[in-house]
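1. predicted model follows, preceded by the sequence.
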2 protein chains.
Amino acid sequence: MEKKEISQAVIGRLPRYFRYLGELRDEGVERISSQELSERMKVTASQIRQDLNNFGGFGQQGYGYNVEYLYVEIGKILGLDKQHNLILIGVGNLGQALVNYVNFERRGFIFRGIFDKDPQLYGTRVRGFIVRPMEELCDFIQENNIDIAVITIPKEGAVQVAEQLTNCGIKAIWNFAHVDLNVPPHVRVENVHLSDSLMKLSYNIERYEKEQELEN
Amino acid sequence: MEKKEISQAVIGRLPRYFRYLGELRDEGVERISSQELSERMKVTASQIRQDLNNFGGFGQQGYGYNVEYLYVEIGKILGLDKQHNLILIGVGNLGQALVNYVNFERRGFIFRGIFDKDPQLYGTRVRGFIVRPMEELCDFIQENNIDIAVITIPKEGAVQVAEQLTNCGIKAIWNFAHVDLNVPPHVRVENVHLSDSLMKLSYNIERYEKEQELEN
């Protein structure tokens, strides 16, 4: 299939399509109209048609979308037909939660090793993985073909670790540290800033209450 | 200060401004030009001026922004001048990580209780909080003035728990379950779909490699 430039807004919506199509597939649904998918996903049918047209349009007039085909194709676009090798840096509660999350593995994201700078943790295990010292980072990345590093350490150390990862040739960083990393463009970064998400929620509570006050 | 309708895109950027202004404040910086803030945040100065003009414009020509004032005002807009009472539902690794994260508390997000449906966990403790059964949920929310419920349970149970929370009068749900919740508009929801974030990262690795292939 032809690949063309797709906006980040559409990309941001693809995982959600992938999720719904996966559920439909698990339910044994073979095809679905944009109208039915629209009701299920609570977005307009025209949005769905526009989004999916970006990939050449999988639908046929009067037939709808082939669920299995669309699921597989979106998976390929998202790079889920390949396996990704991950390491974790920072063995706190959050890091342990991520390593233990089996759904990532089902999608082809496989943890291969875990690292921490605390010598007291060296040699202890999480889900069978032995905690390694940071000194082994570069060799491990290269020897195990690691493409994604997951950073779950306090923000103070994160910038320096990102630099180290860049020098070791990492392709991508999934960053949970509450700081913006400064890496060259060939290192892809996806941030999960939990505090920012919580602040948005707080804003929306505040706004709703303000609106209610105005109405009364 | 006047509150007017602000786009969700701007709202989405406010926590980042808040974070940078907080750092500047901690460094003892009293004022900063949009140009300097622009270099630091790696967004254009005109974007900064536009965003901050939404709130009446805190800047003065030739003077720049008053860091402390802007920090406090953005905090108010985000509802951070008020305390929020939280409960956790689902005491797995992720839930424990969130309860243990002290930075939320510093921002006024205070956990008050934790819940799980597993009877084996009742009475055990996380960070001093006793794990409570789901039967106590409604009374606890009402007696402790809880406004935010944090859901860290598998997707299978999440929709039903969200319904229960709605009936108990919760104001907001911070949802980590990998499913879209179906709640009325007065219950605000902020989703953290970790798998979706990881898929975006995978897409961006894939796209970069495709681009490299085309160039060579």
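-> Perfect, I can see it now.

2. switch to C-alpha atoms for all contacts and neighbour counts from now on
-> Noted.

3. shouldn't A:Asp20 be within a strand?
-> Heads up, residue A:20 is Tyr, not Asp. No - if the criterion is DSSP: H, G, I helix; E, B strand; the rest coil, then A:Tyr20 is helix and not within a strand.

4. what's the burial count for it?
-> If you count neighbours by other C-alpha atoms under 10 Å in any protein chain shown, A:Tyr20 ends up with 17.

5. nearest residue to it in space, please, no chain neighbours.
-> For A:Tyr20, ignoring the flanking residues on the chain, the nearest one in space by C-alpha to C-alpha, 6 or more residues apart in numbering or on different chains is A:Met41 at 7.5 Å.

6. quick check: residues of chain A near chain B?
-> Contact residues, chain A versus chain B (C-alpha under 8 Å from any C-alpha of the partner chain): A:11-12, A:15-16, A:77-80, A:92-94, A:96-98, A:104, A:171-172, A:174, A:186, A:188-190, A:192, A:195-206, A:208.

7. and those residues, which are buried?
-> Among the residues of chain A next to chain B, those classed as buried by 16 or more other C-alpha atoms under 10 Å in any protein chain shown are A:11, A:15-16, A:77-80, A:93-94, A:96-98, A:104, A:171-172, A:174, A:186, A:188-190, A:192, A:195-206.

8. mind checking which of these are in strands?
-> A:Ala172, A:Trp174, A:Arg188, A:Val189, A:Glu190 (DSSP state E).

9. list just the nearest of those to A:Tyr122.
-> Nearest to A:Tyr122 among these: A:Trp174, at 22.7 Å, using C-alpha to C-alpha.

10. the closest one reaches A:Glu190, doesn't it?
-> Yes - counting by C-alpha atoms under 8 Å, A:Glu190 is a contact partner of A:Trp174 at 5.1 Å.

11. which residues are common contacts for the two?
-> Common neighbours of A:Trp174 and A:Glu190, counting by C-alpha atoms under 8 Å, 6 or more residues apart in numbering or on different chains, are B:Leu198, B:Leu201.

12. can you tell me which helix in chain A is longest?
-> The longest helix of chain A (DSSP state H) is helix A:194-215.

13. and that helix, how far out from the chain's middle?
-> Helix A:194-215 has its C-alpha centroid displaced from the chain centroid by 26 Å (C-alpha atoms, centre = their mean, to the nearest Å).

14. got a list of contacts for it?
-> A:176, A:178, B:11-12, B:15-16, B:77-80, B:104, B:171-172, B:174, B:186, B:188-190, B:192.

15. mean confidence score for that helix?
-> Averaging pLDDT along helix A:194-215 gives 89.

16. also stretch A:124-131?
-> 95.

17. show me the shaky parts of chain A.
-> Residue ranges of chain A with pLDDT under 70: A:1-5, A:55-62.

18. how about the helices in it?
-> Using DSSP H, helices in chain A cover A:8-26, A:34-41, A:45-53, A:67-77, A:93-100, A:102-106, A:137-143, A:155-167, A:194-215.

19. between these, which gets nearest to B:Arg132?
-> helix A:93-100 (20.6 Å).

20. just checking, what packs against that closest one?
-> Secondary-structure packing of helix A:93-100 (3 or more C-alpha pairs under 8 Å, 6 or more residues apart in numbering or on different chains; DSSP states H and E): strand A:84-89, helix B:93-99.

21. any chance of those in TSV, with distance to B:Glu143 too?
-> TSV is the format used below for the helices and strands packed on helix A:93-100 (distance: least, C-alpha to C-alpha, whole Å):
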stretch	distance to B:Glu143
strand A:84-89	40
helix B:93-99	20
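
22. residues near A:Asp51, how many?
-> As a burial measure, A:Asp51 scores 20 neighbours (other C-alpha under 10 Å).

23. what angle do helix B:8-26 and the longest helix of chain A make with each other?
-> Inter-element angle recorded for helix A:194-215 and helix B:8-26: 120 degrees (by axes from the mean of the first three to the mean of the last three C-alpha atoms, to 10 degrees).

24. can you give me the angle helix A:194-215 makes with helix B:67-77?
-> 70 degrees.

25. so helix A:194-215 versus strand B:84-89, what angle?
-> 120 degrees.

26. residues contacting A:Gly95?
-> Applying C-alpha under 8 Å, 6+ apart, we find A:Gly95 in contact with A:Leu88, A:Ile89, A:Thr152.

27. buried only: go through those for me.
-> A:Leu88, A:Ile89, A:Thr152.

28. let me know the closest of those residues to chain B.
-> If you rank those by distance to chain B using C-alpha to the nearest C-alpha, A:Thr152 comes first, at 10.8 Å.

29. ok, the closest residue to A:Arg125 other than its chain neighbours - contacts?
-> Closest residue to A:Arg125 apart from its sequence neighbours, by C-alpha to C-alpha, 6+ apart: A:Val131 at 5.9 Å. Going by C-alpha under 8 Å, 6+ apart, A:Val131 touches A:Val91, A:Gly113, A:Ile114, A:Phe115, A:Asp116, A:Leu121, A:Tyr122, A:Gly123, A:Thr124, A:Arg125.

30. I'd like to know how far A:Val99 sits from A:Val189.
-> Noted for A:Val99: a distance of 19 Å to A:Val189, by C-alpha to C-alpha, to the nearest Å.
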